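S.K.: for reference, the sequence and a predicted model appear below.
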Amino acid sequence: MLVLVPVNWALESKKWQMLVSKVMPIPFGEAVKSTLTGLMTGLAMPAQVGEIVGRVGALNIAGRMRTVGAAFISGGIQFYAAVFVGIGAFFYAESHLMLSPLGYGVLVGLFGAIVLFGLMLFVLRRRLALITPGSGWKERIRSSVEIISIYSNSELLAAFGVGMVRYITYTAQFIAALLFFELPLSPAYMTACAALVLLVKTLLPALNLLGDLGVRGITAVFIFAKFGIQADSAVAVTLLVWATNILLPSLVGLLWLWWGAQHRKHVA
């Protein structure tokens, strides 16, 4: 788990670097600093707002409003990576979830709507930029939306590929935690449970990263109970994954912010 922490966030930083390069090329080190700063600010601010504010604010480039659009794309890529794998895990483990016919139908309809919405955004992204108002304060919104239209299909697919590798890395960390606690699950069901927890966490964003821990814990308890795993084991796995892969990198981001503030004081 610890070995894969820098791999995970290096992949996220690489994806962020690839996307921001459409606004202005940045070195990989700055992409890492921006990513971890955003992770840290997400601990306090609502939903994904804190992460976007932290990422964009840490960049020393012009045209920051355009990078907001890049941040949304980066988040959307990880969203759909979790959705695609999670849907596959849902159908694989559906018999263990024991859903009612109504619940099953609602979830299948929801999954279909989410996939269709993503496909429409991908295909119609250039038209979306054209119809966005561009006067007054709305011009800032337009500048963020416009960047979505300038990515080629190959660039978006390349970024999605990096995002998928990052998702696999994160899932491997989750499985490592399950193996650490020696839970009686086959590797296939370990993978499915991890993917289902990440799917629900993705579809139910928390107010902040601390609330994210609560969402993960409740989801893990519910899903793992379907496989005969006790609640305390599910919570322990979730807490270990969160502390290792979210809390520790967030502290690095906090140190980066502190160092930057001290550096600016000395310069002043």
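M.R.: Looks like it arrived, so ask away.

S.K.: quick one: low-confidence parts of the stretch 1-150 of the chain?
M.R.: Residues of the stretch 1-150 of the chain meeting the criterion pLDDT under 70: 45-47, 62-63, 129-145.

S.K.: any idea how far the closest residue to Ile77 other than its chain neighbours is from Gly88?
M.R.: Nearest in space to Ile77, with sequence neighbours left out and distances taken as CB to CB, 6 or more residues apart in numbering, is Gly163 at 4.0 Å. For every residue, glycine as well, the C-beta is placed using N, CA and C. Gly163 sits 16 Å away from Gly88, going by CB to CB, to the nearest Å.

S.K.: the two: which is more packed in?
M.R.: Per other CB atoms under 10 Å, whichever of Gly163 and Gly88 has more neighbours is Gly163, with 24 against 14.

S.K.: about what we covered before: pretty sure the residue nearest to Ile77 sits against Ala82.
M.R.: No: in this structure, Gly163 is not within contact of Ala82 by CB atoms under 8 Å, at 9.5 Å.

S.K.: give me the neighbour count for Thr41.
M.R.: The number of residues packed near Thr41 is 24, by other CB under 10 Å.

S.K.: over to Thr238?
M.R.: So Thr238, with other CB under 10 Å, has 24 neighbours.

S.K.: where does it land on pLDDT?
M.R.: Note on Thr238: pLDDT of 87.

S.K.: ok, now which ones touch the residue nearest in space to the middle of the chain?
M.R.: Most central in the chain under CA atoms, centre = their mean is Gln78, positioned 4.6 Å from the mean C-alpha point. By CB atoms under 8 Å, 6 or more residues apart in numbering, the residues touching Gln78 are 12, 163, 166-167, 202.

S.K.: mind redoing it with 6 Å?
M.R.: Shown in contact with Gln78 (CB atoms under 6 Å, 6 or more residues apart in numbering): Gly163.

S.K.: tell me the spacing between Ser154 and Gly161.
M.R.: 10 Å.

S.K.: before we move on, back to that, so the residue nearest to Ile77 touches Phe79, yeah?
M.R.: No: using CB atoms under 6 Å, Gly163 is not in contact with Phe79; the gap is 9.2 Å.

S.K.: and Lys226, how close does it get to Ala176?
M.R.: 22 Å.

S.K.: likewise Val106?
M.R.: 33 Å.

S.K.: compare these two (neighbour count), which wins?
M.R.: Ala176 (18 against 12).

S.K.: what sits against Ala220?
M.R.: 197, 234, 238.

S.K.: so can I have JSON lines of these showing distance to Leu119 and secondary structure?
M.R.: What follows is those, written out as JSON lines (distance: CB to CB, whole Å; DSSP: H, G, I helix; E, B strand; the rest coil):
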{"residue": "Val197", "distance to Leu119": "25", "secondary structure": "helix"}
{"residue": "Ala234", "distance to Leu119": "34", "secondary structure": "helix"}
{"residue": "Thr238", "distance to Leu119": "32", "secondary structure": "helix"}
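
S.K.: out of the residues you listed, who's nearest Met40?
M.R.: Closest approach to Met40 among the contacts of Ala220 (CB to CB): Thr238, at 20.4 Å.

S.K.: check contacts around the closest one.
M.R.: Contacts of Thr238 by CB under 6 Å, 6+ apart are 216-217, 220.

S.K.: and it, how far from Gly88?
M.R.: From Thr238 to Gly88 the distance is 21 Å (CB to CB).

S.K.: Val215 too?
M.R.: 21 Å.

S.K.: helices of the chain, start to end?
M.R.: Here the chain has its helices, by DSSP state H, at 4-20, 28-41, 49-58, 64-97, 101-131, 138-150, 153-180, 187-203, 209-225, 231-242, 248-267.

S.K.: quick one: list the elements packing against the fifth one.
M.R.: So the one you mean is helix 101-131. Counting contacts by 3 or more CB pairs under 6 Å, 6 or more residues apart in numbering; DSSP states H and E, helix 101-131 is packed against helix 64-97, helix 138-150.
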